[in-house]
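Q: Kindly return the folded structure for what I paste below:
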Amino acid sequence: MEEEILERKDAGIPDGLTPSQIVERLDGYIIGQNKAKRFVAVALRNRQRRIKLPEEIREEVAPKNILMIGPTGVGKTEIARRLAKLCGAPFLKIEATKYTEVGYVGRDVESMIRDLMAVGYNMVKAEMQETLREKAGPLVEDQLLDLLLPGSAAKKEDVDGGKKKSNVHILGNLFGSKESPVSGGVIQIKVPKNGVESSSDEGDASQPENDSASGQAAVDGGDMSVTREKFRQMLRDGKLEDRMVDVTVHQQPRISGMEVFSTGSMEDLESSINGLQEMLAGGRNRRKTVSIREARQILMEETLDSLTDRDKVADEAKQRVEQSGIIFIDEIDKIATKGGEGSRQDVSREGVQRDILPIVEGSDVNTKWGVVNTTHILFIGAGAFSVSAPSDLIPELQGRFPLRVELDALKKEDFKRILTEPKNALIKQYEALLGTEGVTLKFTDEAIDRMAFIAEDVNSHAENIGARRLHTIMETVLEDLSFEADTHRGETITIDEAFVNDKLKGIMQNQDLERYIL
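A: Residues are numbered from 1 along each chain as shown. So this is what the prediction gives:
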């Protein structure tokens, strides 16, 4: 039993992240909302715990889907963005408003599972190719040498092959392409008399002539081999990185097999038809003149792609998606019908809810990598619910999101922390941006306190847009400085409370103007 558990241990999410560690990492980018962070952290940890269970119990443990409720700008979407980097499992964030009811123009809800499967496939493919990179290195190096020394590989093979098989002489490629360094050659094969293979020491009139030709080929091949090895060493030393070569790039058609003629916009349909044409034509070959540095990257990608076992990647990706996949459905409140009243034209609301329901409950969805079962995929819904309420969702869908967490509206102290504490804090961003112009910004505590107060005040009597209000305030305060930054090169500018009041004075006094600017 212990061995079985260990085998399942690495089936998706890394085992190292505990709920407290997940919350700690989210704290680096999201201020407050501790309750939402804890719910999400426990949900992620339960994914790991379930994978370690015996199979008969594991199949009975269903994920506890989460519904996050809170005003816009308080961190719902940011939590999703950071989760994508933390969870180590196939993760997809989608907008509920992009889907329409089956039978109408637009994307059907099953496409979210196909998109999640694509994410999982690319994730597993990248991991597998990373393990193959060492094996692909020598192959790419030989291809680069072929580009630098056309024909050197063929001569080397001719000499080596002549030593092993005296009755076969390959002088070229009869059906070589125009790009081939040895196009239009001849393949000569000695046919043994009376069905008996001639021995290498069998004497005939042509033997001296053949020996002479073979010796000359060996000399030429030996010189080319020495030159090839010199170029190989120069490649490894990085002395040829800027040399230009011609590379033939084979572009595979990018097309989803399950959505070739799915309902969508005319642009999507046109793209699908073009992709289908390319697929039937076998893709396109395009010659590019690039440096050795770029050619190495192109050839590495093509070599890794040829070495990758696509079936194995698809099987592993399907396993991860089914056991560890997570879908974050943002703006789920936009598909709720207020008071249960809907219109026949509203094909992106209640109809979408009915279509999402079987996906969340658990169903089989066809993808080009196989059939994916959604029973154990974790769904996290999020919405402001400012116009509608969670109770406006159809009852069956409400029941599939048993865990509900309300995110708090941001206060003055939260705004102050948002401006300074996170790794991607707004003040740090503006200091870095103007630093590229040689301008040093310094914000006083009073200025930060004043901007936080204004953000809370405007949100309280205007539309509450949460932390996004800070973006508007910061842009307004620094508008003139950002425009004239080149004239302040080498200066240190202090942003204090008086500076903030001066830039926002007229706007704060005029309520109508404030409504449009802040």
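Q: Flag the shaky bits of the protein, pLDDT-wise.
A: In the predicted model, the chain carries pLDDT under 70 at residues 1-16, 101-106, 151-223, 251-284, 339-348, 506-518.
Q: so where's the longest helix in it?
A: helix 111-148 (DSSP state H).
Q: For that one, buried residues please.
A: By neighbour count on 16 or more other Cβ atoms under 10 Å, the buried set for helix 111-148 is 111-121, 123-125, 128-129, 132, 136, 140, 143-148. In this view, the C-beta of every residue, glycine as well, is placed from N, C-alpha and C.
Q: Equivalent analysis for stretch 421-440, please.
A: Quick answer for stretch 421-440 (16+ other Cβ under 10 Å): Pro422, Ala425, Leu426, Ile427, Tyr430, Leu434, Val439.
Q: contacts for it?
A: Residues outside stretch 421-440 that contact it (Cβ atoms under 8 Å, 6 or more residues apart in numbering) are 28-31, 418-420, 441, 443, 448, 470-471, 474, 478, 481-482, 485-486, 488-493.
Q: Output that stretch as CSV, restricted to C-alpha atoms.
A: Output in CSV follows, covering the C-alpha atoms of stretch 421-440 (Å, rounded to 0.1, in the frame of the first residue of the first chain):
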residue,chain,number,x,y,z
GLU,A,421,4.0,46.1,0.6
PRO,A,422,3.4,43.6,-2.3
LYS,A,423,6.3,42.6,-4.6
ASN,A,424,4.5,44.3,-7.4
ALA,A,425,3.4,47.4,-5.4
LEU,A,426,2.2,50.4,-7.5
ILE,A,427,4.8,52.7,-5.9
LYS,A,428,7.6,50.3,-6.7
GLN,A,429,6.4,50.1,-10.3
TYR,A,430,6.4,53.8,-10.9
GLU,A,431,9.8,54.2,-9.2
ALA,A,432,11.2,51.6,-11.6
LEU,A,433,9.5,53.1,-14.7
LEU,A,434,10.7,56.6,-14.1
GLY,A,435,14.1,55.3,-13.0
THR,A,436,14.7,54.2,-16.6
GLU,A,437,14.6,58.0,-17.4
GLY,A,438,17.1,58.8,-14.7
VAL,A,439,14.5,60.2,-12.4
THR,A,440,14.5,59.2,-8.7
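Q: Going along the chain, name the helices of the stretch 201-350 of the chain.
A: Assigned by DSSP state H, counting those that start in this stretch, the stretch 201-350 of the chain shows helices spanning 207-236, 266-280, 292-307, 310-324, 350-361.
Q: Format the CA atom coordinates belonging to the third one as PDB.
A: As requested, the backbone C-alpha atoms of helix 292-307 are provided in PDB (Å, rounded to 0.1, in the frame of the first residue of the first chain):
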ATOM      1  CA  ILE A 292      23.600  30.400 -35.400                       C
ATOM      2  CA  ARG A 293      22.200  31.500 -32.000                       C
ATOM      3  CA  GLU A 294      18.700  31.600 -33.400                       C
ATOM      4  CA  ALA A 295      19.200  28.500 -35.600                       C
ATOM      5  CA  ARG A 296      20.200  26.500 -32.500                       C
ATOM      6  CA  GLN A 297      16.900  27.400 -30.800                       C
ATOM      7  CA  ILE A 298      14.800  26.600 -34.000                       C
ATOM      8  CA  LEU A 299      16.600  23.300 -34.500                       C
ATOM      9  CA  MET A 300      16.400  22.400 -30.800                       C
ATOM     10  CA  GLU A 301      12.600  22.900 -30.800                       C
ATOM     11  CA  GLU A 302      12.200  20.800 -33.900                       C
ATOM     12  CA  THR A 303      14.500  18.100 -32.600                       C
ATOM     13  CA  LEU A 304      12.700  18.000 -29.200                       C
ATOM     14  CA  ASP A 305       9.400  17.800 -31.000                       C
ATOM     15  CA  SER A 306      10.500  14.800 -33.000                       C
ATOM     16  CA  LEU A 307      11.900  13.000 -30.000                       C
END
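Q: Distance from that helix to the middle of the chain?
A: 19 Å (Cα atoms, centre = their mean, to the nearest Å).
Q: neighbours around Arg310, how many?
A: When neighbours are counted by other Cβ atoms under 10 Å, Arg310 registers 12.
Q: Any figure for the gap between it and Asn65?
A: 32 Å (Cβ to Cβ, to the nearest Å).
Q: And for Arg404?
A: 10 Å.
Q: ditto for Gly362
A: From Gly362 to Asn65 the distance is 11 Å (Cβ to Cβ).
Q: Neighbour count: the two, which is higher?
A: Higher neighbour count among Gly362 and Asn65: Asn65, with 20 against 14, using other Cβ under 10 Å.
Q: I figured that one was touching Glu361, is that so?
A: No - contact between Asn65 and Glu361 fails when scored by Cβ atoms under 8 Å: they sit 10.3 Å apart.
Q: what touches both of those two?
A: The overlap between the contact sets of Asn65 and Glu361 (Cβ under 8 Å, 6+ apart) consists of Arg400.
Q: mind listing the strands for the chain?
A: Here the chain has its strands, by DSSP state E, at 66-69, 91-95, 168-170, 187-189, 244-251, 284-291, 326-330, 364-367, 370-373, 378-383, 403-406, 440-443, 492-495.
Q: elements contacting the last one?
A: Based on contacts counted as 3 or more Cβ pairs under 8 Å, 6 or more residues apart in numbering; DSSP states H and E, the elements that strand 492-495 packs against are strand 440-443.
Q: Note down every partner strand of the strand it packs on and its orientation.
A: Within its sheet, strand 440-443 is paired with strand 492-495 (parallel), according to DSSP bridges.
Q: Show me which residues of the partner strand are buried.
A: Quick answer for strand 492-495 (16+ other Cβ under 10 Å): Ile495.
Q: can you list contacts of that strand?
A: So strand 492-495 is contacted by Val439, Thr440, Leu441, Lys442, Phe443, Thr444, Ala447, Val477, Leu478, Leu481 (Cβ under 8 Å, 6+ apart).
Q: Put the alpha carbons of it into CSV.
A: This file holds the C-alpha atoms of strand 492-495, laid out as CSV (Å, rounded to 0.1, in the frame of the first residue of the first chain):
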residue,chain,number,x,y,z
THR,A,492,15.4,63.3,-7.2
ILE,A,493,11.7,64.3,-6.9
THR,A,494,9.8,63.9,-3.6
ILE,A,495,6.1,63.3,-3.7
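Q: show me what contacts the nearest residue to Asp309 once chain neighbours are set aside?
A: Closest residue to Asp309 apart from its sequence neighbours, by Cβ to Cβ, 6 or more residues apart in numbering: Met128 at 7.6 Å. Going by Cβ under 8 Å, 6+ apart, Met128 touches Thr308, Asp309, Lys312, Val313, Glu316.
Q: Weed out the non-buried ones from the residues you listed.
A: Using 16+ other Cβ under 10 Å, the buried ones in these are Thr308, Val313, Glu316.
Q: Ile94 is in contact with Val352, correct?
A: No - contact criterion Cβ under 8 Å: Val352 and Ile94 do not qualify, at 11.6 Å.
Q: Would you mind telling me which of these two has more residues around it?
A: Neighbour totals were compared for Val352 and Ile94, and Val352 leads with 26 against 19 (other Cβ under 10 Å).
Q: Please tell me how far that one sits from Met112.
A: Per Cβ to Cβ, Val352 is found 11 Å from Met112.
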